[in-house]
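1. Got a predicted structure here, sequence first:
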Amino acid sequence: MTQYVGYLDAGQAMTADDILVPWNCNVSLCFNGTRLELIQYAPGGKTSATLWSQATPGGSRAVLQPDGDFQVLDAAGKLIWNTKTSGAGSRLVCAADGALALVGATGSVAWHPGGVAVAGSTGYLYRLFPGQQLDCTDVLWSANARYRLVMQPDGNLVQYANHGNTQQPLWSSATCQQGGQSAVMQADGNFVLYTAGGESNGSALWASHTSEHNQGETVLTLSDNGKLAVVRSGTEVWSSGSGQDDCTSYSPFLNAGQSLKVGDSLFAVNLGYSLTLQSDGELALYRFVSAPGACGETWQRLWAAGTVGRGASQAVMQDDGNFVVYDGANRPLWGAGSNNSASGNYLFLEDTGNLSVVNDGKTCWTSATTQAPQRIVGALLPACSLQVGDTLVSPNGLYRLTLTATGDVVWSVIEGDRQLWHSNTAGQGGHVLVMQTDGNLVLYSLGGEPRGHALWASHTSKYGCSALQAQDDGNLVLYDDCGNGKARWSSGTVQSSG
């Protein structure tokens, strides 16, 4: 089985049991040979809804042809079904909001199935040409489907980075609840957000201020590096400032010899926390605290090195194990005091919000910013994890899975704290339980999947996108197909109803 993430490019093909999923695995396009199905998954249980289905009897391959036609062929290469988009399509996109669309090179949707979750929305691929506009719920995608610009129902125009189960806001027009209806790429080169009535009769709420008649064609572009820009005859005349090409992002480690320059960031795997060397010289750790697209501040400061206004130019994870902020003359402004000649030194930003320097597997400095444990109801989805103290609770509130302070993973009845199953890993340094995207559920020591040691696993890596369900019957079950398919592992603890 092959799992494609985000999109299918021209020339790529799906064979029996292959799936196409977005970054958050909330939906998937599944091909089993006899049928193409777009399925939506319910995070709290194993039930799902079929958003679209197409019979393809005798199908062997579903291929996006170089000419842009998406076809299902039998073993002999005979056509069984197609989208009839020859010359119009260039990428089949599966979006986190349930949209499945074949997008053309000019940015317009060449085909999409009827009846999907976002029926009526329009998607554009990396360019918005003069005369085109984003209406409510319309989306401009980057070509690699990792970034998108959305005209939200609340009137805010927001650019997101899509990664894992998180959408990270990068820029917005700051027009929440002001009646924004459409964002128009005008013929005069200005990109404008209007209220009802649009360019003809609406009021402008925000603009790029790039009006310039007779100076060449002007387009709005969203690049694969996340940069949103208005470009006139090849020259950038406006940008959101959110492009990732001027800075580097690391996640979740900064290895010995690596450094953060001004504007660079270190992100936790869940994208809920970031360490940034700011333009004012401050090295600061932030927590993402508000919903994507919300107005106002979206990051809460948890810790800072106190280097603001002192000319900081880089924060270096040194070979000797010390993490130090230097100014432009290479003078130290702040240091973690973690000098250690041991090998394996790195800086680690955990999903709990804690920043630590690790020398040879041992923590020797920490920001002491671990946040309150999280409580997840229903299911642990792909790429999600439980840290020490976190719990996964059944929807009826009777059962919970906890990663305890001793490093043991315990499934129990909440009333009376009666244990039903455990990983038998107490005292072994269990630090994080990860629902990996390959389908394996693994308990790791400090450092997680990339660096930690596996202490326990469900041994289900061959099943791909899977989810762990905390069921109301007292059983803890891992299902394939992103939580909707067959049971591949369980605690075997179904409780009697009486």
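-> Happy to help now that I have it.

2. Got the domain ranges for the chain?
-> Taking automatic domain parsing as the domain assignment, the ranges for the chain are 1-97, 121-246, 249-366, 375-490.

3. Dump the ones you listed to CSV, plus mean neighbour count and mean pLDDT.
-> Every C-beta, even on glycine, is put in place using the N, C-alpha and C of the backbone. As requested, the domains of the chain are exported to CSV (neighbours: other C-beta atoms under 10 Å; pLDDT from 0 to 100):
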stretch, mean neighbour count, mean pLDDT
domain 1-97, 18, 77
domain 121-246, 18, 79
domain 249-366, 18, 81
domain 375-490, 19, 87
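
4. Does residue 220 touch residue 228 like I think?
-> Yes - here residue 220 lies in contact with residue 228, judged by C-beta atoms under 8 Å, at a distance of 7.4 Å.

5. Turn the domains of the chain into TSV, columns for distance to residue 110.
-> As requested, the domains of the chain are arranged in TSV below (distance: least, C-beta to C-beta, whole Å):
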stretch	distance to residue 110
domain 1-97	4
domain 121-246	10
domain 249-366	28
domain 375-490	27
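
6. how about those domains, which one is nearest residue 111?
-> Relative to residue 111, the nearest member of the domains of the chain by C-beta to C-beta is domain 1-97, separated by 4.3 Å.

7. Would you map the helices across this protein?
-> According to DSSP state H, the chain carries its helices in the segments 198-201, 448-451.

8. what's the distance between the nearest residue to residue 442 once chain neighbours are set aside and residue 159?
-> Leaving aside its chain neighbours, residue 442 sits nearest to residue 457 (4.5 Å; criterion: C-beta to C-beta, 6 or more residues apart in numbering). The span separating residue 457 from residue 159 equals 38 Å under the rule C-beta to C-beta, to the nearest Å.

9. repeat for residue 113
-> If you go by C-beta to C-beta, the gap between residue 113 and residue 159 works out to 26 Å.

10. got it, and residue 377?
-> Residue 377 is 30 Å from residue 159, where distance means C-beta to C-beta.

11. can you check residue 486 too?
-> Using C-beta to C-beta, we find residue 486 at a distance of 38 Å from residue 159.

12. Spit out the contact partners of residue 479.
-> For residue 479, the contact set (C-beta atoms under 8 Å, 6 or more residues apart in numbering) comprises 46, 466-467, 469, 485-488.

13. Next: residue 210.
-> Under the criterion of C-beta under 8 Å, 6+ apart, the contact partners of residue 210 comprise 189-191, 218, 230, 232, 237-238.

14. Residue 140: which of those residues is nearest?
-> Compare each of those with residue 140 using C-beta to C-beta and the shortest gap goes to residue 191, at 10.8 Å.

15. wait, isn't that closest one in contact with residue 204?
-> No - with contact taken as C-beta under 8 Å, residue 191 and residue 204 are classed as non-touching, separated by 10.7 Å.

16. Check the gap between the residue nearest to residue 442 and residue 493 for me.
-> Noted for residue 457: a distance of 19 Å to residue 493, by C-beta to C-beta.

17. what do you get for residue 196?
-> Using C-beta to C-beta, we find residue 196 at a distance of 56 Å from residue 493.

18. same check, this time on residue 385
-> Applying C-beta to C-beta, the value for residue 385 to residue 493 is 22 Å.

19. try residue 397
-> Distance from residue 397 to residue 493, counting by C-beta to C-beta: 17 Å.

20. Same question for residue 217.
-> For residue 217, the distance to residue 493 under the criterion C-beta to C-beta works out to 64 Å.

21. Over to residue 325?
-> Distance from residue 325 to residue 493, counting by C-beta to C-beta: 50 Å.

22. do the same with residue 140
-> 48 Å.

23. Return the distance of stretch 324-340 from the chain's centre.
-> 33 Å (C-alpha atoms, centre = their mean, to the nearest Å).

24. Extract the C-alpha trace of it and format it as PDB.
-> Below are the C-alpha coordinates for stretch 324-340, written out as PDB (Å, rounded to 0.1, in the frame of the first residue of the first chain):
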ATOM      1  CA  VAL A 324      24.500  30.400  23.600                       C
ATOM      2  CA  VAL A 325      23.100  33.700  22.100                       C
ATOM      3  CA  TYR A 326      25.800  35.800  20.400                       C
ATOM      4  CA  ASP A 327      25.800  39.400  19.000                       C
ATOM      5  CA  GLY A 328      27.200  40.400  15.700                       C
ATOM      6  CA  ALA A 329      30.700  40.700  17.100                       C
ATOM      7  CA  ASN A 330      30.500  37.100  18.400                       C
ATOM      8  CA  ARG A 331      30.200  38.200  22.000                       C
ATOM      9  CA  PRO A 332      28.000  36.000  24.200                       C
ATOM     10  CA  LEU A 333      24.800  37.600  25.500                       C
ATOM     11  CA  TRP A 334      23.200  34.700  27.200                       C
ATOM     12  CA  GLY A 335      24.100  31.000  27.700                       C
ATOM     13  CA  ALA A 336      22.300  27.900  29.100                       C
ATOM     14  CA  GLY A 337      25.400  27.000  31.100                       C
ATOM     15  CA  SER A 338      25.200  23.500  29.800                       C
ATOM     16  CA  ASN A 339      28.800  23.000  28.800                       C
ATOM     17  CA  ASN A 340      29.500  19.300  28.600                       C
END
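
25. List the contacts of that stretch.
-> Contact partners of stretch 324-340, identified using C-beta under 8 Å, 6+ apart, comprise 277, 281, 283, 305-307, 310-316, 318, 320-323, 357, 359-360, 364-365.

26. Strands - which of the residues you listed land there?
-> Judged by DSSP state E, these include 277, 283, 312-316, 323, 357, 359, 364-365 as members of strands.

27. Tabulate those (JSON lines), appending distance to residue 253.
-> Formatted as JSON lines, the ones in strands among the contacts of stretch 324-340 follow (distance: C-beta to C-beta, whole Å):
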{"residue": "277", "distance to residue 253": "16"}
{"residue": "283", "distance to residue 253": "16"}
{"residue": "312", "distance to residue 253": "21"}
{"residue": "313", "distance to residue 253": "21"}
{"residue": "314", "distance to residue 253": "17"}
{"residue": "315", "distance to residue 253": "14"}
{"residue": "316", "distance to residue 253": "14"}
{"residue": "323", "distance to residue 253": "12"}
{"residue": "357", "distance to residue 253": "11"}
{"residue": "359", "distance to residue 253": "13"}
{"residue": "364", "distance to residue 253": "15"}
{"residue": "365", "distance to residue 253": "15"}
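
28. on that earlier part again, a markdown table for the contacts of residue 479, including distance to residue 418?
-> Written out in a markdown table, the entries for these read as follows (distance: C-beta to C-beta, whole Å):
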| residue | distance to residue 418 |
| --- | --- |
| 46 | 25 |
| 466 | 27 |
| 467 | 25 |
| 469 | 20 |
| 485 | 30 |
| 486 | 29 |
| 487 | 23 |
| 488 | 26 |
